[in-house]
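Chemist: could you work out the structure for the sequence below:
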Amino acid sequence: MTATTSFLLLYGSQTGNAEAIAKELKDEAAERKIGCRLMCMDELNDRSAKFEGENVVVMVCSTTGTGDAPDNASKLLRRVCSKKHPSDHLSHVTFTVLGLGDTNYSDFCSVPRKFQSKFRELGAKEFYAPGFADDGTGLDVVVEPWKEGFWPAVESALGAIPTQSVTGSTNASELLQPSESRGSDTFDAVKISAAAAVLAASSSDALITTLQQHLKALQSTGGCFPGPNEEVSANQGPAAGPTASVPIEIHGVELDKLKLPKQQPEYLVASVGADGTPVEPATSVEQYRAAIIHTHSLLTVPGSVKDTISVTMALTEEMQYAPGDTFALACPNEAKEVAEVIERLGLPEATLDSPLQLAVANGTKKRGAAIPAHLTGHGLTTRVCLAAALDLRAPLTKGGIRMLSEYASDLTEQAEMMYLSSRQGAAEYQVACKETRLSIIALLQAYQSCKIPLARLLEVVPAMRPRRYSAASSPLAGASDVRFILNVEDRGLCSTWLHTSGAALGDKNGIAVSPEAVKAAKLARGGAVRTFLTKQPGGVGDSSLTVVPLYHEAHANRFNLPDDSSTPLVLCGAGTGVAPLLGFLQHRKLQRTADPLRVFGETWLFFGCRNEAKDYFCRDELDGYLRDGTLSQLHLAFSRDDQGPSYVQDNITTHGAEVVRLMSDQGGVFFACGSSGCVDSLDNALTSILCENLKISRDKAIEMKIEWKDSGKIKVESFGA
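Modeler: So this is what the prediction gives:
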């Protein structure tokens with residue numbers, strides 16, 4: 001087709017997902033010969049947000065934290081939301097939005113929705129319906145169909161006249177044509193009905209088991225696809241049955257009717273040896289600093305649904321943090337899982353610790369191909385890469401599963417993988433790949449015939465992302481220490497590692513870290529961060545000490561105490577959501593001790609957990625704050641006990657008049673921290689008590705809350721439930 005003009009494609013991305021999708025759109029636009037200019041949102045030099053000369057604007061944007069804009073989108077969002085713009089400010093613009101979010105968190109896709117609503121308010125018209133993809137169920141479930149409908153819509157918006165139909169889909173039957181690696185094209189009709197087994201699986205291990213059982217049963221029925229160990233010749237067919245004229249089916253869908261994601265071109269070449277100079281590490285790797293675990297305790301009692309731990313780390317370099325700030329922690333993959341991948345890839349032990357050299361493949365069809373930032377830097381070996389650079393537990397995308405299917409020699413397994421990656425297999429993909437976290441490890445275990453080269457694994461497995469935890473301590477207690485309180489999740493990579501590392505302290509638990517250990521740990525900088533992660537514990541010359549690479553994240557007007565200590569505080573936390581609130585209370589206590597004449601406002605805490613006897617892990621700490629006057633009121637709720645309030649919001653409702661007095665009459669600040677469900681319930685409870693006690697409508701109460709959130713009177717921190 002011939003494009004007469006172009007569209008502006010903007011992305012706002014915190015972790016790289018939105019940027020990657022935007023770049024894919026850019027590449028596909030080039031293939032379709034549609035003009036497209038790709039820019040990061042904050043690179044747009046447009047102080048008035050007028051979008052002069054732009055008629056078609058496409059935005060791909062995520063939401064981070066608790067409804068915040070990505071760092072590289074915040075400036076444009078502020079400009080668009082300026083109250084100085086007239087109502088026809090963007091009347092010359094047509095636009096659409098693709099938003100990325102996670103329904104495990106509150107304010108799902110709030111930033112892309114805000115862009116959408118502000119553009120509408122300023123007179124812009126939508127040329128295509130927005131898409132809001134949920135990472136909690138799989139981004140591809142929304143992104144892929146949105147992209148397919150996007151192209152004809154943007155062509156129409158640009159006024160381009162197509163010369164041929166371009167669908168972007170792929171004929172799946174092309175992948176099962178006779179070849180030396182795939183065997184015969186004469187197969188019996190196959191209907192694989194593993195969906196029920198997949199849907200019943202509740203964990204990666206269960207999923208692997210059910211898939212393996214299903215495949216075994218299928219192969220034993222006779223006249224299906226050959227098994228992973230069966231030799232297939234060019235003329236071999238099933239024992240009995242029809243010929244290739246019978247369409248191959250899977251889950252009742254003919255294979256050549258599957259709508260598959262576009263195949264990902266190869267673009268990396270990997271080699272092992274001492275020659276060559278490693279690519280310099282990315283800035284994001286350099287920002288890590290070292291901390292050393294020196295205190296660890298199990299806070300809950302045996303029989304609790306979850307183990308809750310407290311971990312205190314010694315900071316080896318000065319970090320000026322405030323109570324409520326978050327820290328991003330790097331962690332390694334489990335050694336057992338790393339060993340499994342090494343075995344499946346057939347990597348020789350002698351090469352694992354030699355320098356890993358990567359290059360962009362000559363003649364690659366991938367546009368703008370480059371070595372990913374997380375695969376750069378000195379000290380990168382195959383072992384280090386698998387242990388610390390790649391997230392082996394990350395769920396695979398549909399495109400990744402489609403790519404991996406190419407390396408399955410067993411055609412039954414290949415067909416099943418193709419179905420999972422197809423649009424028709426969206427429901428199975430959602431369950432198998434998201435709810436059960438079907439990672440590269442689980443997939444390789446389930447599909448034994450899949451033999452993937454190292455370079456392709458590096459392309460398909462995403463980077464290891466840091467895990468974020470709020471500080472549960474005050475720097476006034478010791479600027480060189482920071483405490484975290486967290487649940488040890490079932491399959492939780494970082495929490496399990498911290499728990500195991502803390503337990504390894506032995507008789508050194510609670511003992512100050514030596515200056516020598518601090519000095520040694522400072523070496524864990526830049527590319528060396530990953531090297532340290534592969535040697536834990538013992539990375540600082542002591543077999544019982546563990547170095548944790550981390551960096552501090554401070555956010556203006558976020559989840560922090562007000563500067564004025566006379567401001568009343570209403571603190572609401574459920575489970576480990578109380579962690580940053582404990583940091584607040586410690587900070588207030590130390591401020592009171594340092595300056596007895598200082599004025600402090602009332603501080604109320606509403607806390608809840610499952611069971612008082614098993615899960616009330618901060619009882620002694622909170623009782624102490626009550627006794628010394630740091631806490632004015634403490635209200636408890638236990639959801640699994642028979643007596644008393646069940647949930648934090650129940651107590652908010654019971655004490656609604658006092659909460660409204662603190663907030664409305666005395667200018668207090670309301671803090672809520674917990675799972676997204678808990679935070680949403682607290683928000684609803686706050687709306688109700690405002691209506692009841694101020695005698696206002698629900699709409700007026702919601703309007704008041706919005707104003708309070710904008711001014712910092714309501715602060716929220718939520719996490720996945």
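
Chemist: ranges for the strands of the stretch 1-150 of the chain?
Modeler: Taking DSSP state E, counting those that start in this stretch to define them, one finds strands in the stretch 1-150 of the chain at 6-12, 35-40, 56-62, 94-101, 125-126, 131-134.

Chemist: to clarify, my last question referred to the stretch 501-650 of the chain.
Modeler: Using DSSP E, counting those that start in this stretch, the strands of the stretch 501-650 of the chain run over 547-553, 569-574, 603-609, 633-638.

Chemist: if we can go back for a sec, make TSV out of the strands of the stretch 1-150 of the chain and add distance to Glu349, mean pLDDT and mean neighbour count.
Modeler: Where C-beta positions appear, they are placed from N, C-alpha and C, glycine not excepted. Conversion of the strands of the stretch 1-150 of the chain to TSV gives the following (distance: least, Cβ to Cβ, whole Å; pLDDT from 0 to 100; neighbours: other Cβ atoms under 10 Å):
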stretch	distance to Glu349	mean pLDDT	mean neighbour count
strand 6-12	42	95	23
strand 35-40	43	94	16
strand 56-62	40	96	26
strand 94-101	40	95	25
strand 125-126	57	95	14
strand 131-134	41	91	21
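
Chemist: Asp490: which of the strands of the stretch 501-650 of the chain is closest?
Modeler: strand 603-609 (18.1 Å; Cβ to Cβ).

Chemist: still on that earlier bit, so can I have a markdown table of the strands of the stretch 1-150 of the chain showing distance to Phe617?
Modeler: Listed next are the strands of the stretch 1-150 of the chain as a markdown table, based on distance: least, Cβ to Cβ, whole Å:
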| stretch | distance to Phe617 |
| --- | --- |
| strand 6-12 | 38 |
| strand 35-40 | 43 |
| strand 56-62 | 33 |
| strand 94-101 | 31 |
| strand 125-126 | 49 |
| strand 131-134 | 32 |
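
Chemist: and these: which comes nearest Lys257?
Modeler: strand 131-134 (23.9 Å).

Chemist: what pairs with that closest one, parallel or antiparallel?
Modeler: Neighbouring strands of strand 131-134 in its sheet, by DSSP bridges, are strand 94-101 (parallel).

Chemist: orientation of the strand it pairs with relative to strand 56-62 in degrees?
Modeler: Interaxial angle of strand 94-101 relative to strand 56-62 (axes from the mean of the first three to the mean of the last three Cα atoms, to 10 degrees): 10 degrees.

Chemist: gap between strand 94-101 and the chain center?
Modeler: Computed by Cα atoms, centre = their mean, to the nearest Å, the chain-centroid distance of strand 94-101 equals 19 Å.

Chemist: tilt between it and strand 6-12?
Modeler: Using the same axes, to 10 degrees: strand 94-101 against strand 6-12 is 30 degrees.

Chemist: contacts for strand 94-101, please.
Modeler: With contact meaning Cβ atoms under 8 Å, 6 or more residues apart in numbering, strand 94-101 is reached by 17-18, 21, 55-63, 108-113, 115-116, 119, 124-135, 139, 143, 146, 150, 153-154, 157.

Chemist: any idea which of the strands of the stretch 1-150 of the chain gets closest to Cys678?
Modeler: Between Cys678 and the strands of the stretch 1-150 of the chain, the shortest gap by Cβ to Cβ is with strand 94-101, which sits at 18.3 Å.

Chemist: what would that closest one look like as CSV? C-alpha coordinates only.
Modeler: Extracted C-alpha coordinates of strand 94-101, given in CSV (Å, rounded to 0.1, in the frame of the first residue of the first chain):
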residue,chain,number,x,y,z
THR,A,94,-7.6,11.8,16.0
PHE,A,95,-6.1,9.3,18.4
THR,A,96,-6.3,5.9,20.1
VAL,A,97,-4.8,4.4,23.2
LEU,A,98,-3.4,1.0,24.1
GLY,A,99,-3.0,0.8,27.9
LEU,A,100,-1.1,-1.8,29.9
GLY,A,101,-2.0,-2.6,33.5
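
Chemist: next, format the strands of the stretch 501-650 of the chain as JSON lines and append mean neighbour count, mean pLDDT and distance to Met39.
Modeler: Formatted as JSON lines, these follow (neighbours: other Cβ atoms under 10 Å; pLDDT from 0 to 100; distance: least, Cβ to Cβ, whole Å):
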{"stretch": "strand 547-553", "mean neighbour count": "23", "mean pLDDT": "88", "distance to Met39": "25"}
{"stretch": "strand 569-574", "mean neighbour count": "25", "mean pLDDT": "98", "distance to Met39": "40"}
{"stretch": "strand 603-609", "mean neighbour count": "26", "mean pLDDT": "98", "distance to Met39": "45"}
{"stretch": "strand 633-638", "mean neighbour count": "18", "mean pLDDT": "97", "distance to Met39": "49"}
